[in-house]
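Undergrad: Just to be clear, the model below is a prediction. Sequence and coordinates:
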Amino acid sequence: MDSEKHFNVIKTANDYSKYFDHDMDKKLLPLNLLINGMKARLDQCQTLVTISHENVDETTKALTSLRQSSDQLDELCSKIDTIEKVVDHLKSNLGSLEEEIEKAELKLGLNNDNLVVNILNPLLFRKTVDKKTLSVDMPKFDPNEYFISERYDDDDDEGL
C-alpha cells in the first residue's frame, strides 16, 4: 500500500503542479504597465503642483508690490490722461490751422496740383497784395490748463 500511497501523492502533486505552472511576469505585465503609468501621472501632477505653488508665490509678490505702488500708478495714469488731452487739443488746433490754410489757398487761387508753378508764382508775377492778418477763432493753448507746476505746490506746502 505504500507504493499505492506514494503513487497517489505523486499523481496529486503532478495535478496540482499545473496550477503553479504559470509565467507570472507575463500575467503581471499589464498590472506593472498600469502602475508605471499611474506613477508617471503622479509625477506630472506633483510637478504641476510645485510649479503652481511657485507661480502663486510670484503672483502674490507681484500683487503686493502693485498694491504698494498703487498711488504712483494712479499718478502715472493721471499724467497719461493729461498728455492725451494735450495731444487732442494740439490735434484739434492743427486741424483748424489746416482748414484755414486750405481756405487761404483757395482764396489766393493756389492749386496743389501744380505746386512747382505755385511756388514760382510769387517770384515771376509780383503782385502787390494787401497784407491781411488771418484771424482764426482758435483758443490759445494754455499749458496751465493742463499742467500745474510742482514748484508752486512745494511753495504752498512750506506755507502750511
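TA: Cool, the structure landed. In this text, all values refer to a predicted model and were calculated from it rather than measured experimentally.
Undergrad: Can you give me every residue that contacts Lys18?
TA: Shown in contact with Lys18 (CB atoms under 8 Å, 6 or more residues apart in numbering): no residues. (C-beta placed from N, C-alpha, C; glycine too.)
Undergrad: could we number from 38 for the rest of this?
TA: Noted, 38 is the first residue going forward, which turns the last one into Lys55.
Undergrad: mind checking pLDDT for it?
TA: At Lys55, the model reports a pLDDT of 74.
Undergrad: And the one 5 residues further on, by the same measure?
TA: Taken from the predicted model, the pLDDT recorded for Asp60 is 75.
Undergrad: And it, its phi and psi?
TA: phi -90, psi 100 (degrees, to the nearest 10).
Undergrad: if I look at it, how far off is Leu66?
TA: Noted for Asp60: a distance of 9 Å to Leu66, by CB to CB, to the nearest Å.
Undergrad: Comparing those two, which residue is more hemmed in?
TA: A direct count of neighbours by other CB atoms under 10 Å for Asp60 and Leu66 places Leu66 higher, at 11 against 8.
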